[in-house]
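Participant: fold the following and give me the result.
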Amino acid sequence: MSRDDVFGEPDPGTLRLSWPSAAADWTEAMPIGNGRIGAMVFGGPSGRLQLNDSTVWSGTPSGPGRALDAVLAGGAGPARLASVRAALDAGDRRTAEQLLMTFEGPYSQEFLPFADLDVELSAAAPLVFLGRELDLDRAIASEGMRAGGTEIRRRSWASAPDQALCVLVETAGGAVDVRLRLTTPLREAGSAATRSGLSLGVEIPIDGAPLHEPDEPAHRYRADATATAVTATGPAGPAATATDTGPAGATRTATTGAAATDPASSAPDDYDPFAAAHLAFDTDGTAEIVDGTVLVRGATRLLAVLSTASRAESWWNAGRPSGDSATDGSTRAADERATAAGTPAGDRAEHDRDATNTSGDIRDDRTTIEARARARSTTAIRRGADALLERHLADVEALTSRTRIVIGTRRSGSWDVATEVLRGDDDALRATVMAAFGRYLLTASSRAGSPPANLQGIWNDQLRPAWSSNYTININTQMNYWLADLTGLPECFAPLPELLQKLAVTGGDVARRLYGARGWVAHHNTDAWGWALPVGNGHGNPSWAIWMMGGVWLTHNAWDHYAFTADTAYLRDTLWPLLRGASEFCLDWLQDAPDGRLRTLPSTSPENLFLGPDGSPESLTESVSMDVFLIRSLFARTRRAIGILGAHLTDDTVRALDHQLADGLARLPEPGLTADGRLREWHHDETEHDPLHRHLSAAVGLYPLDEIDPERTPVLAEATRRFLDGRGPGAMGWSWAWKIALRARLGDGDTARALLLEATHPLERDVTRFAPVDGSEWGGLLPNLFSTHPPFQIDGNYGFTAAVAEMLVQSHGSAIALLPALPAAWPDGEVTGLRARGGLAVDLRWSGGILTAARLHNLTDRELTASVAHRERGATVTLAPHGSAELGELLDGEQVPAVAQSQGYDRGRERTLRDLPWAAAGHQTYPSTTPPSDSPEPDERTTSRATAGQESSY
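Facilitator: Below is the predicted model of the structure:
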């Protein structure tokens, strides 16, 4: 579309992504969302919106507990764990592996597609598509069309204040016909079409098997008396249906037989997985019912509003006050709460919870859930389009406007994704777009009162999505939230501790019953039900199926939220119980080593393998570096929490815990180096099975933790640099993002930029085919800028934003660092509102590689003293509550390079490119262009003699 849209209204100075044609495929569609309802907007005459609800997961609340019971019944438990440890100490890895695999439950559950909404347009003259845009600052997807002399605009947005998906069709110079259709790829449990709207009931599977379990039924539905398996394309056989005529000419399809019953009760096994959607509309056209759809004729204006409700939503929010939400679907509490940019994060998160209006009960019958969805949509539509849009913009702009990252001189405008972003020659613009896109996606997919953003955020159209679209907690879920506080979105962090609080319950049972330990534990995967067991179904390689530190790592995300916000109420009420439980588990998990130190046994480095004495791939060992870094940081932070909370902790056992933590810290092993000076991944100097492995687990101490620092621990920092050199460039989205952030922490801006350029090239091959996990095929960006493994996995998008921010402002260590890893190729730019730990915000401007403006803001209600550094300059400033200060003494006085020439993987140093292991394997370096898309397809490799073909490919 032109800068002036078809109605002559000038576009605001926002960042807009544009495409000249409608989406032909899901990977071209525009994502919108409000944290609970997600939609992929295709555009064009068909007007398809593929819908998700963040609470629509296969499974039931009792699933994790039943799986634990089954594992224990199979003989796993503390006694068998002792046998595993004895076998490892005896050097018998085969026996240890076989015994440990009996600890595996089946698999976590799937995040599923929910429904499809068509807002189809037709007119007397052929429709001509004029283009579509996604406004990242206003969270609106818009399209323009023309039919003869009639100009048509369709705008779509997902409103958090009104918990509704809104679609507004307007015309000038004529009218159009609009057909509204609502369907589901899951099992329909009743639908209705009336002249006032559409209703849809959906039965959700009680079990969904991941693609890597091909011998399991794809889905199981509760309503099937014999738990008949269903295929990935729908039920094995259609349910019997009966048709009757409803009021106002409605046609209603009602499911009969088993699917028509609603036996929900308080018993866990009686949980009835059900969700409903309701679409209300208002128009100046005339409506009629045609074949179960609503056909509106002669409309110049149509507003369609869709809301959802589910039993899982009630379960997720169980026990949480719903504020002053009325049972009729109104949101009085949300109306009364401020949504301005300055609203404290805690209040804003509570506002978002109130807006979900969760007044339901897990025992509600299907009729009540349907009524809740209807109440939400009808309440919203009564507000009218102008009020809905105004409330949406107030909500979104308060978040998106808070922080701005501009690399180069261009941000505002409409940027053609294919020609100007993916294939354009302005990599500064590309970095700017990717930084904004990641923030946009998090605001759209993560709000209080709904589950956290998963492997695909809240957008999925596959009945068997890649890796179940679950929570993979050995890096991916953690990466989803690195950007939240750093880029001024603390409210969007709120769902993660809500998941952790559920994990502390299910994981407490696993810790106690499976391992004989206190506290709580989580492994490699989890889901919306709080899955805490190992996965793998008894045949998953321990390298990916059994890793006991997933929950520990998530507590560090939770700690960072405190570090950025300095919110002691959050520390006391939410974080402290999580830290305590995770620390108690680790204290009990650690074992005495022969040298008097402590060790983790068994131990794996997530998804990676080393070669045993006979040359076979091995996963089990003791005290891998990642375990030790995570535990060391956990113990230190838990002790710090004890010191901060002080008098608030009246439990007599806290002092004893503090002593145990101090002793544990003193006895943890120190990080080791390999013979060639690299940071060691395993406790011993093992031979890597895959020297180019995508996971960078040993480097967790550098980023996101603060155990390794270029100034405080220069030897370890250099060893980590060498470790990264060995891993090389390339990979998949999330691995690139981690590499960029790690290089930024090392001050290596030029290499960080080169990696970002690699990561943001277009993926020009089959986007549905899973890439081999050996790194021989790299990922890239899809036509809608989604990041890929491949296939699509959203953590890369979130991670790119965090990594770019890390290049510009860092607050690890004792001082806030300004432009610590600025590439020479980014001489100009501006940042407003990036966060620093301690409750601070930073504004920067630089030109010609010179810092020209810097300002620090105190976001807390108490006085703060902060140390700030830029290059060789430093300053200490004291800030009054909510005060600000200019940092003129840090500004550059003369033209100097932004950073010293970096010495990364493609910079040579004392080795040539041919000497690096990834070069020897046939890889190239791509400092500014696109890697080849015709890489050879290698044979799948075996990860272990006991578990051939079972390697996870996260």
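
Participant: what is the burial count for residue 652?
Facilitator: 7 (other Cβ atoms under 10 Å). C-beta: built from backbone N, CA, C; applies to glycine.

Participant: now the one 5 residues further on
Facilitator: Other residues near residue 657 come to 19 when the count uses other Cβ under 10 Å.

Participant: name the helix or strand for residue 165, please.
Facilitator: According to DSSP states H and E, residue 165 maps onto strand 164-172.

Participant: how far does that strand sit from the chain's center?
Facilitator: Counting by Cα atoms, centre = their mean, to the nearest Å, strand 164-172 is centred 29 Å from the centre of its parent chain.

Participant: and if you look at stretch 194-209?
Facilitator: For stretch 194-209, the distance to the chain centre is 25 Å (Cα atoms, centre = their mean).

Participant: again with stretch 213-222
Facilitator: With Cα atoms, centre = their mean, you get 26 Å for stretch 213-222.

Participant: ok, back up a step: which helices and strands sit right next to the next helix or strand after the strand holding residue 165?
Facilitator: As assigned by DSSP H and E, the chain's next helix or strand after strand 164-172 is strand 176-183. Contact analysis of strand 176-183 by 3 or more Cβ pairs under 8 Å, 6 or more residues apart in numbering; DSSP states H and E lists strand 115-122, strand 197-203, strand 274-283, strand 293-299, strand 301-310 as its packing neighbours.

Participant: strand 176-183 versus strand 274-283: what angle between them?
Facilitator: Counting by axes from the mean of the first three to the mean of the last three Cα atoms, to 10 degrees, strand 176-183 lies at 170 degrees to strand 274-283.

Participant: now do the buried residues in the one helix or strand residue 500 maps to.
Facilitator: Taking DSSP H and E as the criterion, residue 500 maps to helix 495-515. Using 16 or more other Cβ atoms under 10 Å as the test for burial, helix 495-515 gives 495-500, 502-504, 506-515.

Participant: which elements pack onto that helix?
Facilitator: Against helix 495-515 (3+ Cβ pairs under 8 Å, 6+ apart) you get helix 63-73, helix 78-89, helix 550-565, helix 576-589.

Participant: hmm, back to that, paired strands for the strand holding residue 165, with orientation please.
Facilitator: strand 150-159 (antiparallel), strand 301-310 (antiparallel) (DSSP bridges).

Participant: of all the ones you listed, which one comes closest to residue 404?
Facilitator: Closest to residue 404 of these is strand 150-159 (Cβ to Cβ; 21.1 Å).

Participant: tell me how far the closest one lies from the chain's centre.
Facilitator: 28 Å.

Participant: equivalent analysis for stretch 612-623, please.
Facilitator: That offset, for stretch 612-623, works out to 32 Å (Cα atoms, centre = their mean).

Participant: re the thing from before, residue 435 is nearest to which of the strands paired with strand 164-172?
Facilitator: Here strand 150-159 is closest among these (Cβ to Cβ), at 21.7 Å.

Participant: dump stretch 136-145 to CSV, restricted to CA.
Facilitator: Only the C-alpha atoms of stretch 136-145 are listed here, as CSV (Å, rounded to 0.1, in the frame of the first residue of the first chain):
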residue,chain,number,x,y,z
LEU,A,136,4.6,-3.6,14.9
ASP,A,137,4.0,-0.6,17.0
ARG,A,138,0.2,-0.7,16.9
ALA,A,139,-0.2,-4.5,16.5
ILE,A,140,-2.6,-4.1,13.6
ALA,A,141,-2.7,-6.2,10.5
SER,A,142,-4.3,-4.2,7.6
GLU,A,143,-5.1,-5.0,4.0
GLY,A,144,-6.3,-2.9,1.0
MET,A,145,-8.4,-4.2,-1.9
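
Participant: what average pLDDT does the helix or strand where residue 636 lies get?
Facilitator: Secondary structure from DSSP H and E places residue 636 in helix 625-645. Averaging pLDDT along helix 625-645 yields 98.

Participant: buried residues, it. List them.
Facilitator: Quick answer for helix 625-645 (16+ other Cβ under 10 Å): 625-639, 641-642.

Participant: report the angle between the axes of that helix and helix 576-589?
Facilitator: Going by the same axes, to 10 degrees, helix 625-645 makes 130 degrees with helix 576-589.

Participant: related to what we said a few turns ago, what element comes up after the helix holding residue 500 heading to the C-terminus?
Facilitator: Next along from helix 495-515, by DSSP H and E: strand 525-526.

Participant: show me what contacts residue 601?
Facilitator: 85, 88-89, 591, 622-623 (Cβ atoms under 8 Å, 6 or more residues apart in numbering).
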